[in-house]
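Student: coordinates only, no sequence provided:
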């Protein structure tokens with residue numbers, strides 16, 4: 001007899017949750033039995049879970065599910081202490097059917113009866129023939145028997161499958177509290193809102209501390225003034241000009257100074273205490289919104305096992321560190337990279353049983369997925385003991401695909417060669433397989449992880465296996481950042497990626513193939529100035545500029561800035577519509593002085609430094625010579641940013657505020673490239689271009705229009721007027737501008753300059 005319907009409906013969500021957990025434990029226990037690990041405990045655990053699940057299903061009115069679990073119990077009992085592979089496979093298939101049955105009619109529908117029959121047939125086939133076993137067995141409930149109080153389960157809280165599919169489906173991701181009676185379930189979005197409020201309070205606390213310091217400064221000024229007033233009163237008494245008014249004034253000053261001192265001290269202590277509480281609350285809320293990784297990691301052993309069977313392989317996949325907490329946004333984005341890495345390990349890495357035995361390895365490959373907190377970072381490692389990756393094979397594949405020349409491939413270190421595995425479309429296989437080898441896996445891993453501000457590294461020893469390490473922030477709501485200054489603006493670098501800060505001495509900077517680099521702790525790091533990179537200025541003016549040495553994965557860069565503001569813990573806000581799509585920017589944070597700091601992506605900065613410092617970029621820079629550019633724009637801000645960008649590329653820039661002024665400068669000679677805006681007073685960019693093309697002296701002068709107008713008809717107007725290139729300001733970056741100038745000027749030769 002089932003429970004009353006009203007009670008049943010209240011218990012359904014909890015029943016679905018606990019059933020999902022039981023299925024995970026059942027699957028893990030059956031896999032242990034299949035691998036022969038753990039002794040008698042896995043068998044006892046599976047038996048207990050099946051028995052409990054059967055009772056709960058019966059109580060909740062799921063007759064079909066109860067029948068299925070009962071048949072699984074009978075099969076497990078018939079299989080004895082060492083179930084065979086066929087028995088375990090049947091039990092795993094029964095586990096797969098449990099969660100879907102929660103969303104079916106109470107009798108389970110027609111499919112459950114057939115599955116029960118298969119389990120019963122399997123149990124009869126593998127039974128030992130012990131008569132007492134059959135005599136004591138409880139009769140199997142009829143799948144179609146439905147208690148009168150049972151209704152079709154509501155479809156409003158359907159938990160997706162817990163099993164990670166290698167063909168697109170995602171495992172269930174849900175925040176679940178501890179099973180203790182003192183715990184409650186909290187929606188993660190609600191926690192996100194609380195975390196945002198906690199972050200705002202943290203900023204307000206910092207502002208209050210700043211005001212307390214300002215108040216202390218005011219008191220110091222008042223203290224100095226009161227000292228002078230007391231000294232003046234004493235002087236008046238000595239001069240015989242004292243009296244009661246002076247004494248009263250002196251007494252009031254002493255009393256006011258004492259009261260002010262007590263107030264400022266008490267206020268400062270109260271603000272400091274409140275700020276400490278705000279910090280503690282933000283930290284606790286941040287910890288509460290961390291979700292255990294087990295929700296993602298637990299299903300992978302079963303998924304890896306099934307995939308290996310499809311490929312004719314054997315694998316023992318273990319998960320470690322599932323209790324490690326991680327931000328919801330990280331958790332949601334971690335599934336796909338792990339699916340690709342596990343699929344790659346099983347398909348590419350692990351050998352078939354025969355090959356492994358011939359190499360002196362166990363028949364079953366070992367695959368380990370482990371996670372742990374590393375400071376403020378989360379480290380997830382996927383490691384196998386398969387064939388590994390041969391750097392020579394990677395170099396050969398890169399040559400075969402035309403990604404590089406022979407000399408460049410030969411110059412690659414082993415680590416750099418392995419890094420090619422993450423290139424889009426790269427695969428060491430000649431032909432694609434059904435599972436992987438299509439070149440669409442590892443590049444996705446790196447893109448997803450770097451988008452989270454993380455990094456991916458790979459280590460491998462041919463014949464011994466491969467190890468992929470993913471490092472990313474454990475939380476995205478609160479972040480420790482190093483605040484740096486560019487002119488009067490503030491930017492933030494993730495503190496976890498900043499290895500050191502200091503001054504950059506020009507004598508320590510070396511030119512390597514036309515690339516500026518500095519040796520830092522035994523390695524050469526490319527030097528990149530943040531101001532020109534962000535198109536904000538032409539670079540620092542100090543002869544020994546401030547530099548932050550940032551390291552991300554196996555790469556790094558020396559980032560030159562105008563100054564430092566120190567380290568802060570800030571509440572990260574997602575970039576709004578105004579900042580969305582802005583290069584290198586991942587978010588923003590409010591500061592205690594009211595300013596907003598833009599938070600920069602270390603992977604993007606390091607990637608930009610690598611591109612500027614790549615061998616190809618060095619050769620291009622050697623070919624490119626300094627150009628004399630005439631820049632025309634009526635907006636002072638736009639003109640300053642564009643001039644800084646051009647100067648960062650090594651060019652000399654002369655500026656003009658409108659087309660007429662630019663024309664006069666052109667007549668003066670010496671200009672090799674004209675870069676002009678369109679909408680300007682006096683003479684606009686289109687008419688200026690037409691005038692240039694109508695003058696024989698300037699017919700070969702390269703003209704590049706740089707405008708905020710992006711419509712196709714505007715581009716056609718520019719081309720019809722005679723412009724050689726048309727770039728949109730909103731899409732401008734150093735690489736695009738450099739490529740356009742190289743194309744127009746033949747590698748910087750200034751072809752067609754004014755004569």
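Tutor: Here it is on my side, so go on. Keep in mind that what you see is a predicted model, and the values were worked out from it rather than measured.
Student: list the contacts of residue 565.
Tutor: 483, 484, 485, 490 (C-beta atoms under 8 Å, 6 or more residues apart in numbering). For every residue, glycine as well, the C-beta is placed using N, CA and C.
Student: I misspoke; the intended subject was residue 45.
Tutor: By C-beta under 8 Å, 6+ apart, residue 45 lies in contact with 25, 29.
Student: before we move on, what SS does it have?
Tutor: On the three-state scheme (DSSP: H, G, I helix; E, B strand; the rest coil), residue 45 is labelled helix.
Student: separation between it and residue 27?
Tutor: As judged by C-beta to C-beta, to the nearest Å, residue 45 and residue 27 stand 11 Å apart.
Student: over to residue 365?
Tutor: The gap separating residue 365 from residue 27 is 19 Å, by C-beta to C-beta.
Student: off-centre distance for the longest helix along the chain?
Tutor: Determined from DSSP state H, the single longest helix within the chain is helix 188-238. Once both centres are worked out by C-alpha atoms, centre = their mean, to the nearest Å, helix 188-238 turns out to sit 38 Å from its chain's centre.
Student: average model confidence for that helix?
Tutor: For helix 188-238, mean pLDDT is 77.
Student: and that helix, what other elements does it pack with?
Tutor: helix 244-288, strand 478-486, strand 563-571, strand 585-590 (3 or more C-beta pairs under 8 Å, 6 or more residues apart in numbering; DSSP states H and E).
Student: now do whatever helix or strand residue 332 lives in and helix 188-238, the angle between them.
Tutor: Secondary structure from DSSP states H and E places residue 332 in helix 328-344. Using axes from the mean of the first three to the mean of the last three C-alpha atoms, to 10 degrees, the direction of helix 328-344 lies 130 degrees away from that of helix 188-238.
Student: quick one: closest of the helices and strands packed on helix 188-238 to residue 396.
Tutor: strand 585-590 (37.1 Å; C-beta to C-beta).
Student: where does the prediction get shaky in the stretch 51-200 of the chain?
Tutor: 126-189, 191-192 (pLDDT under 70).
Student: how about the helices in it?
Tutor: Applying DSSP state H, counting those that start in this stretch to the stretch 51-200 of the chain gives helices spanning 63-79, 85-101, 109-126, 131-136, 188-238.
Student: deepest in the core, which of those is it.
Tutor: helix 63-79 (a mean of 25; mean count of other C-beta atoms under 10 Å).
Student: check which helices and strands that one sits against.
Tutor: helix 41-59, helix 85-101, helix 109-126.
Student: that helix: how far from the chain's middle?
Tutor: 44 Å.
Student: same question, stretch 392-403
Tutor: Worked out by C-alpha atoms, centre = their mean, stretch 392-403 lies 29 Å from the chain centre.
Student: got the phi and psi for residue 677?
Tutor: Note on residue 677: its backbone torsions stand at phi -80, psi 170 [degrees, to the nearest 10].
Student: no no, residue 300
Tutor: Per-residue torsions, residue 300: phi -70, psi -40 (degrees, to the nearest 10).
Student: give me the low-pLDDT residue ranges for the stretch 201-350 of the chain?
Tutor: 242, 286, 289.
Student: try it again with 80
Tutor: Applying pLDDT under 80 to the stretch 201-350 of the chain picks out residues 201-207, 209-211, 237-251, 257, 273, 275-291, 295, 327-329, 332.
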